[in-house]
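> model the following, please.
(one chain, ligands or ions: 1)
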Amino acid sequence: MAREYLRTFKVYDLDEVKEHLVIAGDLSGDCAKCRELGIDYLKAASCPQCGTPFKYIASRRLDSHPGERFQFARRIQEKRPDLIMIDHTDYTSAVGHKKARDFFG
Ligand SMILES: [Zn+2]
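Numbering: from 1, shown residues only. Model prediction:
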């Protein structure tokens with residue numbers, strides 16, 4: 001059986017994602033909801049500050065190191081199969097679009 005990672009597109013509720021997203025940095029992660037820093041994203045089931053359960057993960061590092069995408073996906077699949085990996089660039093651009101829509105009505 002040949003198992004490979006293939007990226008997919010799916011519609012998400014942006015507010016729901018933001019509510020349950022941990023953003024991985026180089027060493028630790030931060031909570032998209034309350035901005036708490038220094039979260040161990042390979043272990044934390046929820047935010048130690050606001051308590052929100054994490055369901056999604058995005059990596060800021062992949063914005064500048066896209067070649068590490070599949071390596072990161074494999075690591076998350078092994079260590080955090082409970083999390084859905086979303087693309088950080090997609091997320092930030094969607095948040096930007098939403099802010100513009102909210103602002104201009
Ligand atoms: Zn939090």
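> the helices in the chain, which residues?
14-19, 61-64, 69-79, 88-104 (DSSP state H).
> mind giving me the packing neighbours of the longest one?
This points to helix 88-104. helix 14-19, strand 56-59, helix 61-64 (3 or more Cβ pairs under 8 Å, 6 or more residues apart in numbering; DSSP states H and E). From N, CA and C alone the C-beta is placed, and that goes for glycine too.
> out of the helices of the chain, the one nearest Gly51 is which?
With Cβ to Cβ as the measure, helix 14-19 is the member of the helices of the chain nearest Gly51 (11.5 Å).
> would you mind listing what in the protein touches the ion?
Cys31, Lys33, Cys34, Glu36, Cys47, Gln49, Cys50 (Cβ under 5 Å from the ion).
> isn't the third one right next to Pro48, touching?
No. Checked against Cβ atoms under 8 Å, the pair Cys34 and Pro48 is beyond contact range at 10.0 Å.
> returning to what we had before: which of the residues of the chain next to the ion has the most neighbours?
Cys31 (26 neighbours; other Cβ atoms under 10 Å).
> mind listing what the nearest residue to it once chain neighbours are set aside touches?
Ranked by Cβ to Cβ, 6 or more residues apart in numbering and with sequence neighbours excluded, the top spatial neighbour of Cys31 is Cys47, at 4.2 Å. For Cys47, the contact set (Cβ atoms under 8 Å, 6 or more residues apart in numbering) comprises Val22, Cys31, Lys33, Cys34, Glu36, Ile39, Phe54.
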